[in-house]
Structures are given as structure tokens and as C-alpha cells.
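J.: have a look; sequence and predicted model below, questions after that.
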Amino acid sequence: MVIGLLAVTAIPTVTGVSLGVVEQRKQNTRMEDEKRMAKFHIDVFCEGNSEKAMRLNRRRGVLRDNKVYIDHADPSLRKQTAHTAAAFYIGYPDDNQKRGDGLVSTISDNPPMLNWIYVDKNTMELKYGNRTQSIEHIVGHWDWTEDEAGVILDKKELWVAVEEEDDVWALYYDQNSDGLTGFVDPEKTVVEISICRNLIDKPEGGNNSDQNQT
């Protein structure tokens with residue numbers, strides 16, 4: 001009888017602990033979702049010593065004509081008008097292929113509009129578009145490096161910049177790590193780069209990739 005009584009009196013305690021664990025998990029999930037949905041600029045870093053590499057270093061991802069280009073962080077220095085990408089991670093609503101998080105960016109401020117950033121599977125260019133335009137291509141899983149600063153796709157950092165015209169650079173994904181052989185004209189300049197998250201609204205006391213920035 002004593003054992004039975006102890007078991008009964010323990011039930012509220014066990015239930016309370018279980019509910020507390022569930023609630024904590026929900027809170028952790030919400031916090032993680034909020035962190036992954038924090039908007040950031042896509043900043044370029046290039047360690048090369050060539051003139052072109054130094055030009056690219058600290059430039060920024062911009063959107064125009066359905067492609068992701070690399071241009072000056074200061075819009076007044078750009079030769080062509082473009083929208084500065086303000087990106088964040090969110091689950092991609094795919095066709096049950098479980099491709100994980102996609103990368104979304106604003107494409108205009110007025111009116112406010114969002115599109116998916118994706119890799120064109122036929123050209124390896126980074127482009128942006130709606131679900132219909134993106135779903136047949138490489139849409140995820142997008143993530144960050146261990147320090148949460150670098151942007152990665154399918155657990156890899158395989159980013160390159162391609163000079164399509166004189167000092168007009170586009171962002172590509174070098175999926176085969178071969179300098180985009182078979183995808184771009186071999187006469188074009190291809191430069192290895194890293195792309196990083198420069199948080200737009202930075203947490204107090206936090207440090208991010210913006211330590212190098214504008």
C-alpha cells in the first residue's frame with residue numbers, strides 16, 4: 001500500500017517534469033528558428049593576391065535580372081542598379097524530397113517581395129525565383145559553418161565568382177570543384193571565394209562576419 005501511495009503521489013511530479021521538458025524543447029526550437037530567420041547580407045571574402053581578387057574582397061551579393069551578382073556594398077558605387085540581398089534560412093516547401101532549409105531573400109523593398117535563391121543545375125549560376133522556377137534546381141540544404149559565419153550548401157563551401165564582363169561578377173556554385181569545367185567559357189576568369197553572413201540586425205555583444213565590413 002505504501003509503495004502504491006508513493007507511486008500515485010509521484011505522478012504529478014513526473015508529469016510536471018515531462019511538460020517542462022516538452023515546453024523547453026518548444027522554446028529551443030522557436031529560438032533556433034528565430035536565429036535561422038535572422039536577415040543577413042551576403043558578403044564576399046577572397047584571399048587571393050591578384051588585382052581581381054582584391055577587387056572582389058568585401059563586395060556583396062546583389063540581385064538583378066533573376067541572378068545573384070557580386071557588387072559594391074555601397075549602392076552608389078555600382079555601375080548597374082541592383083537590389084542588395086537580405087537573406088535568411090527557412091524550410092523549403094518541396095515535393096517531399098526533404099531538401100531541408102532553403103535560402104530566401106528580399107528582391108525589392110517597395111513593394112516588399114521575397115524569392116528563393118537557388119543554384120541552376122544546368123549552369124551552376126546562383127539565381128532567384130519563386131517555387132515554380134526553383135523547385136527543379138538545387139534549392140538546399142542551406143546552412144552555416146560551425147562558427148555560424150560562412151554560408152554553405154549541402155555541407156560544402158564551393159563558391160566561385162565568374163567575371164562575365166569587365167568587372168561584372170556573378171556568383172556560382174562549383175559543385176564538382178573543377179573550376180566550373182563545362183559550365184563556363186574557359187576564357188572567363190573564375191575566382192574561389194567564401195560567402196559570409198553579415199547580420200543586418202546584430203545581437204548586442206555579438207560578433208559576426210561584419211568585423212571586416214563597410
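T.: It's in.

J.: CA only for contacts and neighbour counts going forward, please
T.: Noted.

J.: what's the first helix or strand after the helix or strand hosting F88?
T.: Assigned by DSSP states H and E, F88 belongs to strand 87-91. The first helix or strand that comes after strand 87-91 along the chain, using DSSP H and E, is strand 101-109.

J.: quick one: strands adjacent to that following strand?
T.: Taking DSSP bridges as the criterion, strand 101-109 sits next to strand 87-91 (antiparallel), strand 112-119 (antiparallel) in its sheet.

J.: show me the contact partners of the first one.
T.: Meaning strand 87-91. Contacts with strand 87-91, where a contact means CA atoms under 8 Å, 6 or more residues apart in numbering, come from 36-42, 100-106, 142-143.

J.: mind redoing it with 6 Å?
T.: R36, M37, A38, K39, F40, G100, D101, G102, L103, V104, S105 (CA atoms under 6 Å, 6 or more residues apart in numbering).

J.: repeat that for the longest one.
T.: Contacts to strand 112-119, defined as CA under 6 Å, 6+ apart, come from residues 103-107, 125-130, 138-139.

J.: could I have that strand exported to PDB, CA atoms only?
T.: What follows is strand 112-119 as a C-alpha-only set of coordinates in PDB (Å, rounded to 0.1, in the frame of the first residue of the first chain):
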ATOM      1  CA  PRO A 112       8.200  44.100 -50.200                       C
ATOM      2  CA  MET A 113       8.800  40.800 -52.000                       C
ATOM      3  CA  LEU A 114      10.700  37.500 -51.400                       C
ATOM      4  CA  ASN A 115      12.200  34.900 -53.600                       C
ATOM      5  CA  TRP A 116      14.100  31.700 -53.200                       C
ATOM      6  CA  ILE A 117      17.900  31.700 -54.000                       C
ATOM      7  CA  TYR A 118      18.900  28.600 -55.800                       C
ATOM      8  CA  VAL A 119      21.600  27.000 -58.000                       C
END
